[in-house]
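> Only the shape, not the letters, is given here:
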């Protein structure tokens, strides 16, 4: 059975049916309890909206019980003003302390990131944590090798992106690839899955915000992500599962400096229709 109803608790409010994205919950009449439509199990995306939205805790999904879900406080934990300041004050960190982050903290970031929305609740984001600094340096060296390769094969593109400057700095001991971050978190997914890129990007965005809330710094590793999609030696080093691609990566560590004000940004360009 796809779901069960505690008839002692259910008040037949209809909220479960209203919030169901697949529209597979129905009421035969005003006095009946909710039941699944025929074939509902094939259509259900297991998002848990039905369980989460039931005020009485009467709705149990086959794979999700109300007592197993974390309750949400009635009062919002942050005001709109606090959320605005939090989002606007987050910075991309490019200078890090020489201090590792506890593995449990990095795992907690990923646990939070798994709640980012995914298309049809696919939850198809997979993770690799590059924790060892030596391994991170090896990956950075492969990114530099890719840049050298690009200079030979497509010199105009490489020149426009100033890859020669990055290579020169790397050779002098300055890391512009990972910015001296102690760790890298990689999001990957089956390349054939629709919206895999969007799902990974959303999860990494959640992870970045969670990192900021925990006093950590982060920055998207754009050079690495581009190289990981194009350079075979780097692909082989990552040893992703068959058919998977890297859809993004974030550097993580303790920021060396703090910020005291929110910098200016361009005014939004909005077209109302």
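Cool, got the structure. Bear in mind the structure is a predicted one, so any value in this text is a computation, not a measurement.
> could you pull out the helices for the stretch 1-150 of the chain?
All helices of the stretch 1-150 of the chain, identified by DSSP state H, counting those that start in this stretch, fall at 15-19, 40-43, 49-53, 80-89, 103-113, 133-153.
> got a list of contacts for the fifth one?
By Cβ atoms under 8 Å, 6 or more residues apart in numbering, the surrounding residues in contact with helix 103-113 are 125, 127, 129, 131, 183, 185, 203-204, 206-207, 210-211, 214, 216, 252. C-betas here are computed from N, CA, C, even on glycine.
> which residue is nearest the centroid of this protein?
The chain has residue 203 as the residue nearest its centroid, 1.1 Å off, counting by Cα atoms, centre = their mean.
> Regarding that residue, what is its secondary structure?
Counting by DSSP: H, G, I helix; E, B strand; the rest coil, the backbone at residue 203 sits in helix.
> among the helices and strands of the chain, which one scores worst on average pLDDT?
Lowest on mean pLDDT, DSSP states H and E among the helices and strands of the chain sits helix 155-160, with a mean of 90.
> ok now that helix, how far from the chain's centre?
31 Å (Cα atoms, centre = their mean, to the nearest Å).
> Return the list of helices and strands in contact with the helix or strand just after that helix.
Going down the chain from helix 155-160, the next helix or strand is helix 163-171, by DSSP states H and E. Judged by 3 or more Cβ pairs under 8 Å, 6 or more residues apart in numbering; DSSP states H and E, helix 163-171 is in contact with helix 133-153.
> centre of the chain versus the helix it packs on, how much separation?
25 Å.
> quick one: buried residues of stretch 260-273?
The neighbour-count check on stretch 260-273 (16 or more other Cβ atoms under 10 Å) flags nothing as buried.
> Name the surrounding residues that touch stretch 114-124.
Residues outside stretch 114-124 that contact it (Cβ under 8 Å, 6+ apart) are 45-47, 125, 189-190, 193-196, 198-199, 202-203, 205-206.
> Could you identify which of the residues you listed has the most neighbours?
residue 203 (29 neighbours; other Cβ atoms under 10 Å).
> quick one: that one and residue 106, what's the gap?
Going from residue 203 to residue 106 by Cβ to Cβ, to the nearest Å gives 14 Å.
> Where does the record place the domain boundaries for the chain?
3-68, 84-253 (automatic domain parsing).
> how about those domains in a markdown table, adding distance to residue 270?
Shown next, in a markdown table, are these (distance: least, Cβ to Cβ, whole Å):
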| stretch | distance to residue 270 |
| --- | --- |
| domain 3-68 | 29 |
| domain 84-253 | 17 |
